[in-house]
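Undergrad: just a sequence and a predicted model for now, questions to come.
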Amino acid sequence: MSYCEFCFHNCSKQYLDSIAPELHPELIEIVSQLPKRLTQAEINKDLFCYLTAKGWSFDSLPAEFNQFPISNTRINPKSVSTLKKTNDRSLCTTSFTIEAKWHSDFAKVYGTKLVQIEVQFGKVESMFKDFCGFRIAWYERRLALGIEIILSDPGQYFSHRKSSISGMAYFEIAKKTLPAIGLDCPICLIGIK
């Protein structure tokens with residue numbers, strides 16, 4: 001079963017391998033472990049658990065997050081207090097020069113190469129802000145790769161509440177938008193099925 005789909009903009013799987021051979025398999029592993037959820041907030045919490053368990057720094061804790069799910073045996077989480085102490089939020093900073101004060105959701109350094117992740121289950125407009133953040137960090141010569149995680153088909157995934165997801169970002173619109181807006185930075189799109 002395919003859990004996700006990828007689109008590489010100004011990069012390739014080989015480019016991800018050049019950053020770190022474990023990067024692409026790690027992303028597949030994380031997305032393939034995600035259980036089907038009823039809300040975006042639940043998916044955000046799951047992604048937070050899986051990414052931080054793999055050593056990703058984060059911008060902020062998900063809303064009302066005070067412990068890792070006990071039923072999840074696939075991860076070996078640190079305590080929330082330990083995560084807060086060891087978190088390097090500065091890795092999530094979009095810009096150090098233009099005072100944008102934006103942060104990506106997650107970030108990790110592989111060797112000397114910074115990779116940032118944005119998880120976008122909001123409106124299409126928010127996806128553009130994510131792309132802009134990647135472009136700014138690339139312009140500052142800090143970012144090696146931006147990763148945008150979105151749903152492949154929100155209408156299908158959230159078929160039980162279609163009216164509440166109108167205008168949500170989705171894989172095909174992101175894939176069509178990237179070449180149209182002319183970004184020169186490497187971005188990997190991941191669509192959750």
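TA: Happy to help now that I have it.
Undergrad: and the residue lying closest to Leu47 once chain neighbours are set aside, bridged to which residues?
TA: Setting aside the residues directly before and after it, Leu47 is nearest to Val119 in space (CB to CB, 6 or more residues apart in numbering), at 5.6 Å. In this view, the C-beta of every residue, glycine as well, is placed from N, C-alpha and C. On the basis of DSSP bridges, Val119 is bridged to Ile149.
Undergrad: go through the lengthiest helix in the chain and flag the buried ones.
TA: Longest helix in the chain, counting residues (DSSP state H): helix 124-139. Going by neighbour count (16 or more other CB atoms under 10 Å), the buried part of helix 124-139 is 127, 130-131, 133-138.
Undergrad: what comes into contact with it?
TA: Helix 124-139 is contacted by residues 93-95, 98, 100, 102, 104, 114, 116, 118, 120, 143, 146, 148, 150, 167-169, 173-174, 177-178, 181, 183-187 when judged by CB atoms under 8 Å, 6 or more residues apart in numbering.
Undergrad: worst-scoring helix or strand of the chain, pLDDT-wise?
TA: Among the helices and strands of the chain, helix 154-157 carries the lowest confidence by mean pLDDT, DSSP states H and E, at a mean of 78.
Undergrad: CA atoms only: put that one into PDB for me.
TA: Extracted in PDB, the C-alpha atoms of helix 154-157 (Å, rounded to 0.1, in the frame of the first residue of the first chain):
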ATOM      1  CA  PRO A 154      -8.300  16.300   1.600                       C
ATOM      2  CA  GLY A 155     -11.800  15.600   0.300                       C
ATOM      3  CA  GLN A 156     -11.200  11.900   0.300                       C
ATOM      4  CA  TYR A 157      -9.100  11.800   3.500                       C
END
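Undergrad: flag every buried residue along that helix.
TA: 154, 157.
Undergrad: need the residues that contact that helix.
TA: The contact list for helix 154-157, computed with CB under 8 Å, 6+ apart, reads 36, 121, 151, 162, 165, 168, 170, 192-193.
Undergrad: in strands only, show me these.
TA: 151, 192 (DSSP state E).
Undergrad: now, which of the contacts of helix 154-157 sits nearest His24?
TA: Ile192 (15.7 Å; CB to CB).
Undergrad: tell me how many other residues crowd that closest one.
TA: Ile192 has 22 neighbours, counted by other CB atoms under 10 Å.
Undergrad: per-residue confidence at it?
TA: pLDDT for Ile192: 94.
Undergrad: chain center to the longest helix of the chain, what's the gap?
TA: 12 Å (CA atoms, centre = their mean, to the nearest Å).
Undergrad: quick check on the closest residue to Thr93 other than its chain neighbours: phi, psi?
TA: Distance criterion CB to CB, 6+ apart; nearest residue to Thr93, sequence neighbours excluded, is His103 at 5.9 Å. Per-residue torsions, His103: phi -140, psi 140 (degrees, to the nearest 10).
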